[in-house]
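Trainee: Predicted structure and sequence below. I'll ask about it afterward.
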Amino acid sequence: MRYTPRDMLAKLVSFNTESQRSNRELIDFCRDYLAAHGVEAVVVPSPDGFKANLYATIGPQVEGGVVLSGHTDVVPVAGQDWSSDPWTLTEREGRLHGRGTCDMKGFDAITLALVPEMLEAGLKRPVHIALSYDEEVGCIGARVMIDAMVAAGLKPSAVIVGEPSMMQVVTGHKGGTRMRTTVRGHAVHSSRIDVGVPAIMVAGQLVVWHEEVMRENAAQTPSDNGFEPPYTTLHVGTITGGTAVNITSEHCSFSHEVRVIPGESDDAYVARYRARMAELEARMQAIAPETGITMEVTSFTPPLAPENGGAAEVLARRLTGDNGSHVVAYGTEGGLFQGAGWSTVVCGPGDIAQAHQPDEFITIAQLEAGTRFVRGLIAELSR
C-alpha cells in the first residue's frame with residue numbers, strides 16, 4: 001500500500017470525479033488506504049450522501065498542526081479534444097497528462113503518497129489531510145467539512161491549500177458570488193411591443209449593467225494591488241429565452257457572477273444589482289402586473305485576504321524560499337479556512353493555465369517540487 005506520488009496520481013486520475021458525478025469511490029479508496037496505514041479518517045458526506053469529504057490527522061492530537069487541503073472533483077471533459085484518455089495518466093515530454101493532474105489531484109497525490117513518511121518521521125505536531133467535494137461548483141463540500149473539523153476541536157496553526165501556483169506562495173485571491181436571474185415578461189405579437197414586456201430586452205439591460213459597473217471599477221481601482229485584472233469583475237456566462245422573433249419573449253434567464261478583490265463586499269454588489277432589478281421591475285409591472293424579476297445566489301466563495309506575518313505565509317515562505325508577492329484572480333477554498341480563524345495561503349504544484357484544459361497536465365518537475373515541499377513540511381513538524 002505504498003505509492004510514489006506519481007503512482008498515487010495515476011490512481012486518483014483513474015477515478016472519474018467530474019463535478020456532476022459522485023466522488024465516493026475515490027473517497028472510499030483514500031479511507032481504506034489510510035486505514036491500511038493505521039490512520040482513521042473521518043468521512044463527511046453531502047446532505048444527500050451522493051458525495052463526501054474526508055479528513056484525517058497524522059501525528060499527535062495537539063494544537064499547532066498544518067492542514068494540507070485539496071479538492072477531489074474535476075471539471076468535465078465533454079466537448080474537449082483530448083489526445084489521450086483523460087482518466088489514464090499518460091507521460092509525454094516530461095508532462096503527466098490526465099484530467100485533474102494539475103487541478104488538483106497532483107497535490108492530493110503527493111499528500112497521500114507521503115503518509116508513510118509522516119508516520120515514520122515522529123511528528124511533534126500533526127498533519128491534517130482535508131479532501132473536499134464540489135470545489136469546482138462553488139466550494140460546497142469544504143463548508144461542511146470545515147464545520148466538522150472545527151466541531152472536532154482541531155486547532156491548526158496553518159492551512160496550505162494546494163491549488164496550482166507553481167509552488168509560489170499566494171497570499172490573496174478574489175472572492176466570487178454566482179447568481180441566476182429570471183425575467184418573466186408578457187408575450188404579445190411583436191408589432192404591439194408597446195403593450196408587451198419582452199423579457200429578453202429587459203434581461204439585456206441587466207446584462208449591460210454588469211459591463212457598466214465593471215467599466216466603473218476599471219477606471220477607479222488602483223492598478224498596483226497585484227491582481228490581474230486589478231479590479232472587481234462582473235460577467236454573464238449563459239443566457240436563454242424567447243420562442244420566436246415575432247413574439248415578445250415571456251421568459252429569459254441568465255447566469256452571472258461577481259469576483260471581488262479583498263476589501264470589497266459581495267453583498268454590496270448584490271444590493272446594487274437588486275436595486276437595478278427593482279427599477280426595471282416597476283416599469284414592467286406598470287404595463288403587465290404579472291411580470292417580474294427574480295434572482296437567486298447559487299454559490300458564494302469568500303476572498304482570501306493577505307495576512308501580515310500570518311503563520312501560514314511564514315511557514316510556506318520558509319519551505320519554498322519564495323519571498324515574492326503573489327495574488328490570483330481565481331477562487332479557492334482558502335477564504336473558507338481563513339473564515340474559520342485559521343491562517344491560510346495557497347501553494348501547490350502545477351500551472352493554473354493548464355487547469356480545465358484538454359490534455360491537462362502537470363510537469364514531472366512540478367510534481368517533484370511539490371513533493372520536496374511536503375517533505376520539508378514533514379521535517380518542520382518533526383522538530
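Mentor: Received, thanks.
Trainee: And for residue 296, the neighbour number?
Mentor: 9 (other C-beta atoms under 10 Å). Just so you know, the C-beta spots here come from the backbone N, C-alpha and C atoms, and that holds for glycine as well.
Trainee: can I assume it sits in a helix?
Mentor: No - counting by DSSP: H, G, I helix; E, B strand; the rest coil, residue 296 is located in no helix; its state is strand.
Trainee: okay, it: pLDDT?
Mentor: pLDDT recorded at residue 296 is 98.
Trainee: pLDDT-wise, which helix or strand of the protein ranks last?
Mentor: strand 326-328 (a mean of 93; mean pLDDT, DSSP states H and E).
Trainee: Tell me which other helices or strands it touches.
Mentor: strand 170-173 (3 or more C-beta pairs under 8 Å, 6 or more residues apart in numbering; DSSP states H and E).
Trainee: what about 10 Å?
Mentor: If you count contacts as 3 or more C-beta pairs under 10 Å, 6 or more residues apart in numbering; DSSP states H and E, strand 326-328 packs onto strand 170-173, strand 344-346.
Trainee: so of those, which one's packed in deepest?
Mentor: Greatest average neighbour count among those goes to strand 344-346 (a mean of 29), per mean count of other C-beta atoms under 10 Å.
Trainee: Quick one: distance of that strand to the chain centre.
Mentor: 13 Å (C-alpha atoms, centre = their mean, to the nearest Å).
Trainee: got it, and stretch 2-15?
Mentor: The answer for stretch 2-15 is 22 Å, by C-alpha atoms, centre = their mean.
Trainee: cool, and stretch 59-66?
Mentor: Using C-alpha atoms, centre = their mean, the distance from the centre of stretch 59-66 to the centre of the chain it belongs to is 26 Å.
Trainee: Contact partners for the residue sitting nearest the centre point of the chain?
Mentor: By C-alpha atoms, centre = their mean, the chain has its centre lying nearest to residue 332, at 3.9 Å. By C-beta atoms under 10 Å, 6 or more residues apart in numbering, the contact list for residue 332 reads 69, 71, 104, 135, 139, 142, 161-163, 165, 170, 173-174, 301, 303-304, 344, 346, 348.
Trainee: Next: residue 351.
Mentor: Residues counted as contacts of residue 351 (C-beta under 10 Å, 6+ apart) are 102, 103, 164, 165, 166, 361, 362, 363, 366.
Trainee: so which of those is the most crowded?
Mentor: Note: the member of those with the most neighbours is residue 102, at 31 neighbours, neighbours being other C-beta under 10 Å.
Trainee: SS state for it?
Mentor: Going by three-state DSSP: residue 102 is helix.
Trainee: check contacts around it.
Mentor: Counted by C-beta under 10 Å, 6+ apart, residue 102 has contacts 74, 95-96, 163-164, 348-357, 360-363, 366-367.
Trainee: any idea how far residue 196 is from it?
Mentor: 49 Å (C-beta to C-beta, to the nearest Å).
Trainee: Okay, domains of this protein per the record?
Mentor: Domain segmentation of the chain under automatic domain parsing yields 5-173+303-382, 175-301.
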